[in-house]
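Need a 3D model of the sequence below.
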Amino acid sequence: MNDFLPINKKDMISRGWDSVDFIYVTGDCYVDHPSFGAAIITRVLENEGFKVAVLSQPDWMNSDDFTQFGKPKLGFFVTSGNIDSMVAHYTAAKRKRHDDAYTAGGVAGKRPDRAVIVYSNIIKKLYPDSPVIIGGLEASLRRFAHYDYWDDKIRPSILIESGADLLSFGMGEKQTAEIAHRLNNGEDISNMRDIKGTCYVCPSFETPYTGVECPSYENVCSSKKEYAKSCRIQQDEQDHIRGRLIKQKHGKLMLVQNAPMPPLTQKELDRVYALPYMRAYHPSYEKFGGVPGIREVEFSITHNRGCFGACNFCSIAFHQGRYVTSRSKKSLLAEAEKLTHMPNFKGYVHDVGGPTANFRKPSCEFQNEHGLCKGKKCLAPKPCPNLVVDHSEYLDILKSIRQINGIKKVFIRSGIRYDYLLEDKNDAFFRELVENHVSGQLKVAPEHCSASVLDKMGKPHIEAYIKFSRRYFQYTDEVNKEQYLVPYLMSSHPGSTLEDAVELALFLKKNHIRPEQVQDFYPTPGTISTCMFYTGLDPYTMEEVYVAKTEHDKALQRALLQYFNPKNQRLVEEALKRVRRYDLIGYDNKCLIKPSGSERVKKPLSGNLERKNSNYNRNSRSKGKRR
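Numbering: from 1, shown residues only. All right, here's what the predicted structure looks like:
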């Protein structure tokens, strides 16, 4: 049956069911699209032969929603949704968001804070003997004792706080199917301690002898150095080939993370993406205006998983892993063909991407047998000499999708690793990208220009961005197009001092870049950068790292990146005076701002502002609009 799964008792009965095997509880509205984790897991369960109901955004203030289906035969799966519920609710400044892209009508407040914990505790109270398995991003990234930015303290593993029986981390398809079948075969969930990609809790005297133990919850609460050590161990073992079992004591209990589940093979990925998704939000949301979160992905195609770029502020490496797998050309063409028959399709495929769009294969042959190198990065600070770069397969797929009847354009909107692209001696993909796959502007992420800050981010140095941008505009001119290059920038990342922020402001001024938006660093669970933010230590060197923590210190750095905005005059002036850069306050072309208030000198600006017209500086007025 190609239809939405039941979302209430009426739907369940209409299918002729008197009960369900599993109830899947999610903090998001129900969107049956493969860009949503809930859709994939529920369709996988359905494909394995199980009856599944979706309980979307249940009212946590009473039990009616949780009991409407009755007790499921086999158990509950629980997730907060596509993103962490705290990130969904609060900005980096800890201010309440006014909207929610994963809720019908964009309305905020339809899920509780710490949704996984709240939902799981309710279920365990109502059905104490029913198995509860938690998963998704919120559970996955909080599986160990972790720093919580919103509470500004260390919280224990979410598995302990939620009272759930198992935690599925990572992408989850394989472990979900295994758990479901073992429950169906009558196995008690308390005995399921051998499933890869899962965590369980046991009394400390039942701790397995194998694996590696990281500092306990009590130790990481009392010592930031111990927390940093814990972070490094956890990050280093997230490899499906060489990763070991990890243990972390919580009082008299032991949290055990089994080794990661191997990623899906290409055939397995193809099967997952061929499942009968409706590729839409549930019709019941239409009266509210639909679910905004689908707009960006409705006509997008995911072709890969994993990211060996592994930026320190990104959670992908800890969740999906660094090992890259991809779907077959046949599978991708079949999905593209489906898009052409959708009622709202206008001929434009918005993206053929993933965590990093231009990754199709592992970064080298070594990792296929030995796993990815521990404590090293494939691309930063410089590309590894063993890096294998080849865009030919990806390019062939894009060309083939463009040739499908009914498709006018194929764009790439997910991240392009420009440093990886530069390593390709064949520029065919670069030229095709510029000519055929940019929808007016290409967004890339240099993030900063200071080498020391970029090192803490795990990003390439700015010279790679400069080289890429020159070639981008060269190729753009050659095809006589007017396109933008929009750089993503981040302020206040650990390691970024006020002097570094001034350096970035000068870089932006020199190259006539005026960002409309700047992202403050957001300390989300499960990243190396969040560890640095909390501890003030680099977990890989144990060296001290400067961290801008107060709201005012963050505001100073953010204002410098938008020094040209009159609203930022006071903050920029304060920042420049703090670092004794009085030379940047004045009327000279090199200055960032003019003097304000009583210090203002009334005199005409001498000379004309230098206007550079090199290809590189064509990104100077990049504002997300065509000129």
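
If we ignore the residues flanking it in sequence, what's nearest Gln361?
Slight slip there: residue 361 is Lys, not Gln. The shortest distance from Lys361 to any non-neighbouring residue, by Cβ to Cβ, 6 or more residues apart in numbering, is to Val324 (6.1 Å). Quick note: C-beta positions are derived from backbone N, CA and C, even for glycine.

Glu544 too?
Gly536 (5.9 Å).

For the one you found, give me its contacts.
Counting by Cβ atoms under 8 Å, 6 or more residues apart in numbering, Gly536 touches 224, 494, 544-547.

mind checking how far it is from Asp520?
As judged by Cβ to Cβ, to the nearest Å, Gly536 and Asp520 stand 18 Å apart.

circling back to that earlier point, between the contacts of Gly536, which is nearest Ile40?
In terms of Cβ to Cβ, no member of the contacts of Gly536 lies closer to Ile40 than Pro494, at 33.3 Å.

mind listing what the closest one touches?
Applying Cβ under 8 Å, 6+ apart, we find Pro494 in contact with 456, 521, 529, 532-533, 536, 545-547.

same thing with Asp239?
260, 321-323, 371-372, 374.

could you redo the last one with a cut-off of 7 Å?
Taking Cβ atoms under 7 Å, 6 or more residues apart in numbering as the criterion, Asp239 is in contact with 260, 371-372.

could I get the residues you listed as JSON lines with distance to Thr210?
Formatted as JSON lines, the contacts of Asp239 follow (distance: Cβ to Cβ, whole Å):
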{"residue": "Pro260", "distance to Thr210": "15"}
{"residue": "Gly371", "distance to Thr210": "17"}
{"residue": "Leu372", "distance to Thr210": "21"}
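
For the contacts of Gly536, could you give me JSON lines that also reports secondary structure, distance to Asp588 and pLDDT?
Shown next, in JSON lines, are the contacts of Gly536 (DSSP: H, G, I helix; E, B strand; the rest coil; distance: Cβ to Cβ, whole Å; pLDDT from 0 to 100):
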{"residue": "Lys224", "secondary structure": "helix", "distance to Asp588": "44", "pLDDT": "98"}
{"residue": "Pro494", "secondary structure": "coil", "distance to Asp588": "33", "pLDDT": "98"}
{"residue": "Glu544", "secondary structure": "strand", "distance to Asp588": "36", "pLDDT": "98"}
{"residue": "Val545", "secondary structure": "coil", "distance to Asp588": "34", "pLDDT": "98"}
{"residue": "Tyr546", "secondary structure": "coil", "distance to Asp588": "30", "pLDDT": "98"}
{"residue": "Val547", "secondary structure": "coil", "distance to Asp588": "33", "pLDDT": "98"}
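
ok, those vs Leu264, which is closest?
Pro494 (33.6 Å).

quick one: what helix or strand has the spatially closest residue to that closest one that is not a sequence neighbour in it?
Once flanking residues are discounted, Pro494 sits nearest to Met532: 3.8 Å by Cβ to Cβ, 6+ apart. If you go by DSSP states H and E, Met532 is part of helix 528-535.

what does that helix contact?
With Cβ under 7 Å, 6+ apart, helix 528-535 has contacts from 147, 224, 227-228, 231, 235, 312-313, 456, 493-494, 521, 523-524, 538-539, 545, 547.

residue ranges with poor pLDDT in this protein?
Residue ranges of the chain with pLDDT under 70: 1-2, 597-627.

repeat that for 50
1, 601-627 (pLDDT under 50).

By residue count, which helix of it is the longest?
helix 462-478 (DSSP state H).

how many neighbours does Phe144 have?
Other residues lying near Phe144 total 25 when counted by other Cβ atoms under 10 Å.

quick one: contacts for it?
Listed by Cβ under 7 Å, 6+ apart, the contact partners of Phe144 are 157, 230, 234, 248, 255.

Redo these as TSV? Include secondary structure, distance to Asp351 and neighbour count.
Shown next, in TSV, are the contacts of Phe144 (DSSP: H, G, I helix; E, B strand; the rest coil; distance: Cβ to Cβ, whole Å; neighbours: other Cβ atoms under 10 Å):
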residue	secondary structure	distance to Asp351	neighbour count
Ser157	coil	35	22
Ser230	helix	36	26
Gln234	helix	31	23
Gln248	strand	38	25
Leu255	strand	37	26
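
any idea where the helices of the stretch 1-150 of the chain begin and end?
Here the stretch 1-150 of the chain has its helices, by DSSP state H, counting those that start in this stretch, at 9-14, 37-47, 64-67, 85-89, 115-126, 136-141.

From what I see, Ala228 and Tyr540 are in contact.
No - judged on Cβ atoms under 7 Å, Ala228 makes no contact with Tyr540 at a distance of 8.9 Å.

Looking at these two, which has the bigger crowd around it?
Higher neighbour count among Ala228 and Tyr540: Ala228, with 24 against 18, using other Cβ under 10 Å.

which SSE is that one in?
Short version, using DSSP H and E: Ala228 is in helix 224-236.

angle of that helix against helix 528-535?
Angle of helix 224-236 versus helix 528-535, following axes from the mean of the first three to the mean of the last three Cα atoms, to 10 degrees, is 170 degrees.

So which bits of helix 224-236 are buried?
Buried residues in helix 224-236, defined by neighbour count with 16 or more other Cβ atoms under 10 Å: 224, 226-236.

before we move on, what about stretch 144-152?
144-149.

now do stretch 407-424
For stretch 407-424, a neighbour-count test (16+ other Cβ under 10 Å) marks 407, 410-422 as buried.

With stretch 85-100 instead?
85-90, 92, 100.

for stretch 65-75, which positions count as buried?
In stretch 65-75, counting by 16+ other Cβ under 10 Å, buried: 65-66, 68-69, 72, 74-75.

from the middle of its chain, how far away would it be?
32 Å (Cα atoms, centre = their mean, to the nearest Å).

Contacts for it next, please.
So stretch 65-75 is contacted by 8-9, 12, 19-23, 53, 55, 58-59, 122-123, 126-127, 130-133, 180, 183-184 (Cβ under 7 Å, 6+ apart).
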